[in-house]
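Trainee: just coords:
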């Protein structure tokens, strides 16, 4: 009996969907917009997190030494830093290496490049410090800013890096808050539209439902077509939004890679992340459609 009951419920649901096709189309479009919005902001959060982590890995601190500081003194500071658990690496940059970097940065401008030479090299020696976490730079800055090292150190490039980290954190938080807020707004709109669409369908079939209850139809049999209809909105919305999402990111992700200077972003989105987002679309679509249908028919059955 169950296959026959399932077939009848599904058929009734499809007939109701087609009879109210304009309402069904509106509900489906709202579902598509909701799922695309949620997917878009989830993707933005993933890209922002990936970009933030990539830039955070590049954030370091450069400590520039006075010419009066000896090589042994610089090496001693380097060894002290390397002994710390929060230090990832400490690289010594000699005047010769600093000159090579200067020439590489200004290779297309001969006038600026030739201002510094091997015989006249005012570029300071330095240590490039990378920490396990960018937040650890604060402790290293405090250590090197102490009186013990003031006579040796000319400058510490910490404030600029700290500003960069702070801006990245603020940007990530803004996108997360804005994304969730916009997603919740569209979810609310979707719930209201689908709920009212199901309600209008129920009112149109109120006489039929009353007869079904009088002849002994179970609540499951009465409720089934409307639940199937709500699930249909979610499934169709998820299919369409997944197709749009897939092709949109086939175009957008390569451009994002070039703009942000990241690699392998495309492989992530066409792999686990893309499958995860599409799976979430189907899950959210089914949950929204089912929830609205159950809520609408429950009030009517009472």
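Mentor: Done, it's in. A quick note: this is a predicted structure, and the numbers were derived from the prediction, not measured. Numbering: from 1, shown residues only.
Trainee: Just the buried positions in the helix or strand hosting residue 279, please.
Mentor: In this structure, residue 279 sits in helix 272-301 according to DSSP states H and E. For helix 272-301, a neighbour-count test (16 or more other Cβ atoms under 10 Å) marks 273-274, 277-278, 281-282, 284-286, 288-293, 296-297, 300 as buried. Where C-beta positions appear, they are placed from N, C-alpha and C, glycine not excepted.
Trainee: Please work out the average pLDDT along it.
Mentor: Mean per-residue pLDDT for helix 272-301: 77.
Trainee: how far out from the middle of the chain is that helix?
Mentor: On the basis of Cα atoms, centre = their mean, to the nearest Å, helix 272-301 sits 22 Å off its chain's mean C-alpha point.
Trainee: That helix packs against which elements?
Mentor: helix 21-58, helix 159-204, helix 219-260 (3 or more Cβ pairs under 8 Å, 6 or more residues apart in numbering; DSSP states H and E).
Trainee: Where does pLDDT dip in the stretch 151-300 of the chain?
Mentor: 159-162, 164-165, 168-169, 204-209, 212-213, 217-221, 253-273, 299-300 (pLDDT under 70).
Trainee: Can you spell out the domain ranges of this protein, please?
Mentor: Following automatic domain parsing, one gets these domains for the chain: 2-55+165-301, 67-151.
Trainee: Comparing those domains, which comes out most buried?
Mentor: Comparing the domains of the chain on average neighbours per residue, with mean count of other Cβ atoms under 10 Å, the densest one is domain 2-55+165-301 at a mean of 17.
Trainee: List the contacts of the one residue sitting closest to the centre of the chain.
Mentor: Among the residues of the chain, residue 45 comes closest to the average C-alpha position under Cα atoms, centre = their mean, at 1.6 Å. Remark: with contacts taken as Cβ atoms under 8 Å, 6 or more residues apart in numbering, residue 45 is in contact with 172, 175, 176, 179.
Trainee: and which of the residues you listed is nearest residue 68?
Mentor: Each of these was checked against residue 68 using Cβ to Cβ; the closest is residue 172, at 42.5 Å.
Trainee: which residue lies farthest from the center of this protein?
Mentor: Most remote from the centre of the chain, using Cα atoms, centre = their mean: residue 215, at 53.4 Å.
Trainee: Which phi and psi values does it adopt?
Mentor: Phi and psi for residue 215, reported as degrees, to the nearest 10, are phi -90, psi 0.
Trainee: how far away is it from residue 222?
Mentor: The gap separating residue 215 from residue 222 is 11 Å, by Cβ to Cβ, to the nearest Å.
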